[in-house]
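> Sequence below, structure please.
(2 chains)
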Amino acid sequence: MSAATTHDAHHDDHHHHGPDPGVLRWVFTTNHKDIGTLYLVFSFLMLLLGGVLALGIRAELWSPGLQFVDPDFFNQLTTMHALIMVFGAIMPATVGFANWMIPMMIGAPDMALPRMNNWSFWLLPFAFALLLATFFMEGGAPAAGWTLYPPLVLQGGANLPFAIFAIHLMGISSVMGSINIIVTILNMRAPGMTLLKMPLFVWTWLITAFLLVAAMPVFAGAVTMLLTDKFFGTSFFSAAGGGDPVLFQHIFWFFGHPEVYIMILPSFGIVSQVLPTFSRKPLFGYESMVYATASIAFLSFIVWAHHMFTVGMPLAGELFFMYTTMLIAVPTGVKVFNWAATMWRGSLTFETPMLYAIAFVILFTIGGFSGLMLAIVPSDFQYHDTYFVVAHFHYVLVTGALFGIFAGVFYWLPKWTGNMYDERLGKWHFWLSTIFVNILFFPQHFLGLAGMPRRIPDYAVQFADWNMVSSIGGFGFGLTQLLFAWIVLKCCRGGKQATSEVWDGSDGLEWTLPSPAPYHTFETPPAVR
Amino acid sequence: MALDRRLCRGWVHGVSRAAAGLAALLPLGAAHAAWEFNMPRGVTLISREAYDQHMLMLWWCVGIGVVVFGAMFYSMIRHRRAAGHTAANFHHNTFAEIVWTVIPVVILVLMAIPATRALIVMEDTSESDMTLKVTGHQWKWRYEYLEDGVDFFSSLAPESREAIYSDAYSREHYLLEVDNEVVLPVGRKVRILLTANDVIHAWWVPALGMKKDAIPGFINELWTRIDEPGVYRGQCAELCGKDHGYMPIVVRAVSSEEYAAWVGEHLAARETAAQAALRDWSREELMARGEEVYLTACAACHQQNGRGVPPAFPAITGSPIATGPLDTHLDRVMNGKPGTAMAAFAEQLDDSDLAAVITFQRNALGNAVGDVVQPAAIRAAR
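Take a look at the predicted model:
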């Protein structure tokens, strides 16, 4: 995958036309870089919005008793925080990376299906407008948790059809985006770039896209059954009508577990690009990384019921899902060991992307450890639905997926903008984020172990102290993200001119292009040895 | 203003407690109960199994973490470019890759063996000495002792509910205290059957070591044998709507003799209540009893002041039902409103309590219909 011939930087400039002037450029664009930017900006706005909701949660949990919100609005906050972060922040951000980087990494001129690409993005603002509008409806936003378990979710008011239609739109957007990515990767690679020469980020996204195509329609089916149960007299999930409320959980988590890998695999890919660059050493065990990613993806379809150990499964079912879940530790361990071996005997420097990548490996692994603990059914009976679970999935999704995204932004920002970001501020952002995020989430392990259930607006007084610590971390982490916005804006407006290679250890086709990357790139495919 | 005061009190109290907690933490490390950071070992075989598995896994993870993170930190210190280290160029080592695939598999097997053994013990509900049926309702629990004939509902204690908006710290067991405790004998294997009436709940007492979902239309089971007398507290663990956080569980474990005495008292009290429902009550009696019932059965949704949280939870004050024809009012309270959180209270409350609370709703909370409902009217409406 390395060894691309040096691409003539000015070759493209002669015959490409630049972006259309004006705002309509962004509406009609079919350019993968524009659409990538749209995805990334949208996801950052959603990150801030979801973050504000999370701060509402942390403010209420600052001390026992009810101070700011009533319990029903609290449930709306937790539900909407999760839906926005999962479908609005993390997933679109990784699609933004896919749009920007996959064509540049495989030597393609654009995505294979550019008009569909435009449509997949522009569905999202409408989907989220529908979802957010529920806050202003009678009865408020959905309040049954992002897992939408019936029968509780069916008690919701006017919000339910809006939320479900929004989920349908998000699903259509994701599936179209994934088809586009699969087609692009399988058909538009530069001559000589065989599958096993593709950068690992491209591999992780190829696998993610297959997961999305397989999982999202399942979710769409599940929510449609909720819709017909609520409005058209069916009883899929109603015991009184001969249905089965647990069936929903099985369907939901058959989607939901692949979904968590959909969120983390692209970050695995980003980190696998960043670590070799700043270790000045090739990625260790490239092929085993590919196989490990594929194994994780396969296993993700046969572990779903580990989210449901307390629903009353038969012993054999519990044992099966415990063993398959534990098995995921093997390929995940291979990845972590490979990352550590990539750093081993390298020549390490610690620019911001590298700091984020290292923090990702360590903190994601901590999330992996708690995941392994959660797989053990006897103790899961204690952990289940407590803050221990909340701590676990925030370690894998915030210090995992989100930190991977931060690493990617700092890594490729000079390529996107042509300017170096402010390294000093970048390091500030890293250290503030890392310190606060641990103050925020580590104590939640303790809260869960000591017996605090999740999704409660108010708690017994013995949980007061760690909750306050956690809230302090939450506000610190939230405010730190304003610094991120400032660093990115500053970098877009100017800064030290970036070279084509940007980093002295960089390797791959995207670094053969000038910085900023021209509007159209690789209109003639580069040759790959 | 009231809000401000309550805010200040909460925050100031919180900060001072945090400071006290830190002070307690510094010299001896976690002497302060509030800084609890581990799973309780509990008082049953099941809770000890869960705890042992938890600690075993924790130490495995710590060990693996030390090795992996240790290697990374070693690398970060010794293999820095700033320390003059130049990069090696290896990117493959079949032996190492086989080793770090096989060793985790072996470790996983070592983890799975005790976990499987523990799980088999935990799921064995056979040969129990008695059966307790637990039904989750929004937002209370119903307990039925199938052999002993005891049957009651258990809700958040009114004192805790009153403290929500005033001072949580005024209650030692804030949100973990109930009006009617579950009493169980120590040393006897109790099979607990779980189901629910409306939405999914989960019954969890950490010291007993197991939680399981209570699902409408399903019957789940778990078992417990409590070793030590004492009071063990827990709460609902599955999001069940607005008052999910206000659905505590309190189990009082006592000796077999005390348990037998408690059953006797309970049955006698029920007999007394049944007798009381046969006579006419004075208006004052009805209003006094009605207020108590209102606080435990109605106030969670309709609020203490009767104003409700519209539109989901309508006001009682001025409501067309509570101030309208008595028949409609009786029907709504006794049979509920399907598809909403309004439960059917005919099963939950006895004739006297229903009569009292309906009288209270019609003549308090800003309403003044002026009529009185006798237990006999409820009996007739059943």
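
> Might you name the residue of chain B sitting closest to chain A?
Going by CB to the nearest CB, chain A is nearest to B:G217 of chain B, at 2.2 Å. For glycine as for every other residue, the C-beta is placed from the backbone atoms N, C-alpha and C.

> burial count for that residue?
For B:G217, the count of nearby residues is 17 (other CB atoms under 10 Å in any protein chain shown).

> and the gap between it and A:L226?
17 Å (CB to CB, to the nearest Å).

> How about the contacts made by the residue lying closest to A:G505 once chain neighbours are set aside?
In this structure, A:G505 finds its nearest non-sequential neighbour in A:R280, 4.0 Å apart by CB to CB, 6 or more residues apart in numbering or on different chains. If you count contacts by CB atoms under 8 Å, 6 or more residues apart in numbering or on different chains, A:R280 has them with A:G346, A:S347, A:L348, A:D504, A:G505, B:R81, B:A87.

> Compute the number of surrounding residues for the nearest residue to the first one once chain neighbours are set aside.
It refers to A:G346. Leaving aside its chain neighbours, A:G346 sits nearest to A:S279 (3.1 Å; criterion: CB to CB, 6+ apart). Neighbours of A:S279 under the rule other CB under 10 Å: 28.

> Likewise for the one 3 residues further on?
With neighbours defined by other CB under 10 Å, the count for A:P282 comes to 18.

> With adjacent residues omitted, what lies nearest to A:M188?
Excluding the flanking residues, the one nearest A:M188 by CB to CB, 6+ apart is A:A108, at 3.8 Å.

> Ignore what I typed, I meant B:N180.
Take B:N180 and drop its neighbours on the chain: the residue closest to it by CB to CB, 6+ apart is B:S154, 4.5 Å away.

> my read: that neighbour touches B:V251, true?
No: using CB atoms under 8 Å, B:S154 is not in contact with B:V251, being 10.2 Å away.

> residues shared between the contacts of these two?
Contacts common to B:S154 and B:V251, judged by CB under 8 Å, 6+ apart, are B:E181, B:V182.

> So what's the model's average confidence on whichever strand or helix holds B:I113?
Element membership for B:I113, per DSSP states H and E: helix B:94-122. For helix B:94-122, the mean pLDDT works out to 95.

> ok, it near chain A or not?
Yes: residues of helix B:94-122 are located near chain A by CB under 8 Å from any CB of the partner chain, namely B:96-97, B:100-101, B:104-105, B:108, B:111-112, B:115-116, B:118-120, B:122.

> Could you list every helix and strand in contact with the helix or strand where A:I35 lies?
A:I35 is part of helix A:32-60, with elements assigned from DSSP H and E. Using 3 or more CB pairs under 8 Å, 6 or more residues apart in numbering or on different chains; DSSP states H and E, the elements in contact with helix A:32-60 are helix A:24-28, helix A:71-83, helix A:91-106, helix A:114-133, helix A:403-417, helix A:464-493.

> Give the buried residues for it.
In terms of neighbour count (16 or more other CB atoms under 10 Å in any protein chain shown), helix A:32-60 has its buried residues at A:32-40, A:42-51, A:53-60.

> In terms of secondary structure, what does the biggest helix by length in chain B contact?
When chain B is parsed with DSSP state H, its longest helix is helix B:45-78. Applying 3+ CB pairs under 8 Å, 6+ apart, one finds that helix B:45-78 contacts helix A:329-343, helix A:352-375, helix A:377-383, helix B:94-122, strand B:210-214.

> Can you give the distance of that helix from its chain's centre?
Relative to its parent chain, helix B:45-78 has a centroid offset of 31 Å by CA atoms, centre = their mean, to the nearest Å.

> angle of it against helix A:352-375?
160 degrees (axes from the mean of the first three to the mean of the last three CA atoms, to 10 degrees).

> returning to that earlier point: I'd like to know which of the residues of helix B:94-122 next to chain A are buried.
Neighbour-count burial (16+ other CB under 10 Å) applied to the residues of helix B:94-122 next to chain A gives B:E97, B:W100, B:T101, B:P104, B:L108, B:M111, B:A112, B:A115, B:T116, B:A118, B:L119, B:M122.

> Count the neighbours of A:Y149 for me.
23.

> Actually, B:R117.
A count of nearby residues for B:R117, using other CB under 10 Å, gives 13.

> and of the helices and strands packed on helix B:45-78, who's closest to A:H394?
helix A:352-375 (7.9 Å; CB to CB).

> Flag every residue of the stretch 1-150 of chain A that's near chain B.
So far as CB under 8 Å from any CB goes, the stretch 1-150 of chain A lies against chain B at A:62-67, A:70-72, A:75, A:138-139, A:143-145, A:149.

> What about the residues you listed, which are in helices?
Using DSSP H, these in helices are A:P71, A:D72, A:N75.

> got a list of what the second one touches?
Okay, so that is A:D72. Taking CB under 8 Å, 6+ apart, one finds A:G140, A:A143, B:K242, B:V309, B:A312 in contact with A:D72.

> Make a markdown table out of those residues and add distance to A:F284, pLDDT and neighbour count.
Listed next are these as a markdown table, based on distance: CB to CB, whole Å; pLDDT from 0 to 100; neighbours: other CB atoms under 10 Å in any protein chain shown:
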| residue | distance to A:F284 | pLDDT | neighbour count |
| --- | --- | --- | --- |
| A:G140 | 51 | 91 | 21 |
| A:A143 | 47 | 94 | 28 |
| B:K242 | 52 | 92 | 23 |
| B:V309 | 58 | 82 | 16 |
| B:A312 | 56 | 78 | 20 |
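
> and which of those is nearest to B:D148?
B:K242 (33.3 Å).

> which residues sit in contact with the closest one?
Contacts of B:K242 (CB under 8 Å, 6+ apart): A:D70, A:P71, A:D72, A:N75, A:A143, B:W139, B:A300, B:C301, B:V309, B:A312, B:F313, B:A341.

> Not counting residues beside it along the chain, what's closest to the first one?
On the basis of CB to CB, 6+ apart, the spatially nearest residue to A:D70 that is not a chain neighbour turns out to be B:V309, at 6.5 Å.

> so what's that neighbour up against?
B:V309 is in contact with A:D70, A:D72, B:K242, B:C301, B:Q303, counting by CB under 8 Å, 6+ apart.

> Can you lay out those as TSV showing distance to A:M289?
Putting the contacts of B:V309 into TSV (distance: CB to CB, whole Å) gives the following:
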residue	distance to A:M289
A:D70	49
A:D72	46
B:K242	47
B:C301	54
B:Q303	57
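
> Show me which of those residues is closest to A:K415.
A:D72 (46.6 Å).

> Show me the shaky parts of the chain.
By default, I'm working from chain A. Confidence mapping of chain A against pLDDT under 70 gives the ranges A:1-17.

> My question was about chain B, not that one.
Within chain B, the stretches with pLDDT under 70 are B:1-34.

> Would you mind splitting it into its domains for me?
B:45-80+B:93-122, B:130-272, B:280-381 (automatic domain parsing).

> Out of the ones you listed, which one sits most buried?
Compared across the domains of chain B, domain B:130-272 shows the largest average neighbour count, a mean of 20 (mean count of other CB atoms under 10 Å in any protein chain shown).

> Report the distance from that domain to the chain centre.
That offset, for domain B:130-272, works out to 8 Å (CA atoms, centre = their mean).

> quick one, what contacts B:G234?
Contacts of B:G234 by CB under 8 Å, 6+ apart are A:G451, B:L176, B:W203, B:W204, B:V205, B:P206, B:A207, B:L208, B:K211, B:P248, B:I249, B:V251.

> Redo these as a markdown table? Include distance to A:D458 and secondary structure.
A markdown table is the format used below for those (distance: CB to CB, whole Å; DSSP: H, G, I helix; E, B strand; the rest coil):
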| residue | distance to A:D458 | secondary structure |
| --- | --- | --- |
| A:G451 | 15 | coil |
| B:L176 | 11 | coil |
| B:W203 | 20 | strand |
| B:W204 | 17 | strand |
| B:V205 | 19 | strand |
| B:P206 | 18 | helix |
| B:A207 | 21 | helix |
| B:L208 | 23 | helix |
| B:K211 | 20 | strand |
| B:P248 | 11 | strand |
| B:I249 | 16 | strand |
| B:V251 | 22 | strand |
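
> can you redo those residues as a markdown table with distance to A:P191?
Formatted as a markdown table, those follow (distance: CB to CB, whole Å):
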| residue | distance to A:P191 |
| --- | --- |
| A:G451 | 61 |
| B:L176 | 68 |
| B:W203 | 63 |
| B:W204 | 60 |
| B:V205 | 66 |
| B:P206 | 62 |
| B:A207 | 67 |
| B:L208 | 66 |
| B:K211 | 58 |
| B:P248 | 68 |
| B:I249 | 67 |
| B:V251 | 71 |
